[in-house]
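Asker: Fold the following and give me the result.
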Amino acid sequence: MLQLGRENLLKYYTMCNTVMCRETGDMEQWKNDACDVIDALAHECEIIGIKVSWREVTKCYKKCPENMTFKHNVSLCRITCDNYNTKIKCPTDETESRCDCRDGYVLSKETCVPVQECGCIYQDYFLEVGQTVTLFGCHMMAVCVRDKFGWSN
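Answerer: The predicted structure follows:
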């Protein structure tokens with residue numbers, strides 16, 4: 001923790017004291033504020049290479065959007081609809097703690113969707129479900145239906 005520097009440690013100590021000493025009847029808000037301070041401190045630690053598994057100990061569970069769960073040591077490279085079935089390797093081994101899609105789901109824009117609802121890839125272009133592309137000099141149309149194309153003349 002000393003690697004953070006005295007000034008940073010004092011900043012978080014003061015923030016923590018402010019939260020702890022505040023009189024509020026809303027215990028849930030108090031807990032959320034305390035968790036936010038600890039989260040910010042843990043993030044500072046992660047930046048300098050110190051991984052801290054603090055959520056279990058403090059019971060500061062992160063609320064995640066639908067079809068997501070909070071995970072530790074997740075790759076910085078997100079698995080998305082347009083890359084989930086490619087062989088592209090993440091250029092970094094770094095990890096972080098964050099909300100990530102549940103197993104069987106991948107990110108589509110900001111939402112986790114089942115893999116089979118992802119869309120289609122045609123010649124390195126990603127098409128969402130329902131999106132069409134005109135091909136062969138306007139003689140053929142392809143519509144993305146789940147992860148397959150439907151063709152029409």
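Asker: What strands flank the helix or strand harbouring Cys144, and is each parallel or antiparallel?
Answerer: Per DSSP states H and E: Cys144 is located in strand 140-145. The pairing partners recorded for strand 140-145 under DSSP bridges are strand 132-135 (antiparallel), strand 148-152 (antiparallel).
Asker: Figure out how far it is from the centre of its chain.
Answerer: 31 Å (C-alpha atoms, centre = their mean, to the nearest Å).
Asker: Report all helices and strands that the host helix or strand of Ala42 contacts.
Answerer: For Ala42, the host element (DSSP H and E) is helix 27-47. The contact analysis (3 or more C-beta pairs under 8 Å, 6 or more residues apart in numbering; DSSP states H and E) places helix 27-47 against helix 6-21, strand 95-101. Every residue, glycine included, has its C-beta placed from N, CA and C.
Asker: Identify all contacting residues around the helix or strand just after that helix.
Answerer: Next helix or strand after helix 27-47 toward the C-terminus (DSSP H and E): helix 55-58. When contacts are defined by C-beta atoms under 8 Å, 6 or more residues apart in numbering, helix 55-58 is touched by residues 35, 38, 61-62, 70, 97.
Asker: switch the cut-off to 6 Å
Answerer: Ile38 (C-beta atoms under 6 Å, 6 or more residues apart in numbering).
Asker: can you pull the buried residues of it?
Answerer: Arg55 (16 or more other C-beta atoms under 10 Å).
Asker: Equivalent analysis for stretch 111-129, please.
Answerer: Buried residues in stretch 111-129, counted by 16+ other C-beta under 10 Å: 112-113, 115, 118-121, 126-127, 129.
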